[in-house]
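Asker: Okay, predicted coordinates and the sequence, questions at the end:
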Amino acid sequence: MSRVVTIHQNTDFRRVYGRGKSCTSPALVVYCLKNRAGVCRIGITTSKKLGGAVQRNRCRRVIKEAYRHLQPLCTGGWDIVFVARFKTLRCKSTDVQQAMQGQLRKLGVIAE
């Protein structure tokens, strides 16, 4: 299985927020924007409203694990930013994966 490529630069996050499409669910918000790199890159955002570092890191781990299972289904090159919501704290990775799959399918990242 290939490694997950991540977004690190603030300018990349801002570009995806500004020009990308978004889709929301109770557990997750997803922003997507086509890129020219030919590979899917992800960024994960967790705010301090979710709790301390332990809770925020758990949200990141759950989101990353859910995406790891869906990564082979992603077509083309996309920049994807996942924003954790309060419900993400209580969800397991399988629940987040189901929500994420529906959102990515709706945005066109995953072919039907």
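Answerer: Thanks, I have the structure now.
Asker: ranges for the helices of the protein?
Answerer: 10-19, 53-70, 93-107 (DSSP state H).
Asker: helices and strands of the chain: which one bottoms out on pLDDT?
Answerer: Taking mean pLDDT, DSSP states H and E as the measure, the helix or strand of the chain with the lowest value is strand 5-6, at a mean of 91.
Asker: ok, residues contacting it?
Answerer: 39-44 (CB atoms under 8 Å, 6 or more residues apart in numbering). Where C-beta positions appear, they are placed from N, C-alpha and C, glycine not excepted.
Asker: could you redo the last one with a cut-off of 6 Å?
Answerer: Outside strand 5-6, the residues that touch it by CB atoms under 6 Å, 6 or more residues apart in numbering are 39, 41-42.
Asker: In contact with the residue nearest the centre of the chain, which residues?
Answerer: By CA atoms, centre = their mean, the mean C-alpha position of the chain lies nearest to residue 82, the distance being 3.1 Å. By CB under 6 Å, 6+ apart, the residues touching residue 82 are 28, 30, 44, 63.
Asker: closest to residue 112 among those?
Answerer: The nearest member of the contacts of residue 82 to residue 112, counting by CB to CB, is residue 30 at 16.6 Å.
Asker: Tell me how many other residues surround the residue lying closest to the closest one once chain neighbours are set aside.
Answerer: Nearest residue to residue 30 in three dimensions, chain neighbours excluded: residue 103, at 4.5 Å (CB to CB, 6 or more residues apart in numbering). Residue 103: 22 surrounding residues under other CB atoms under 10 Å.
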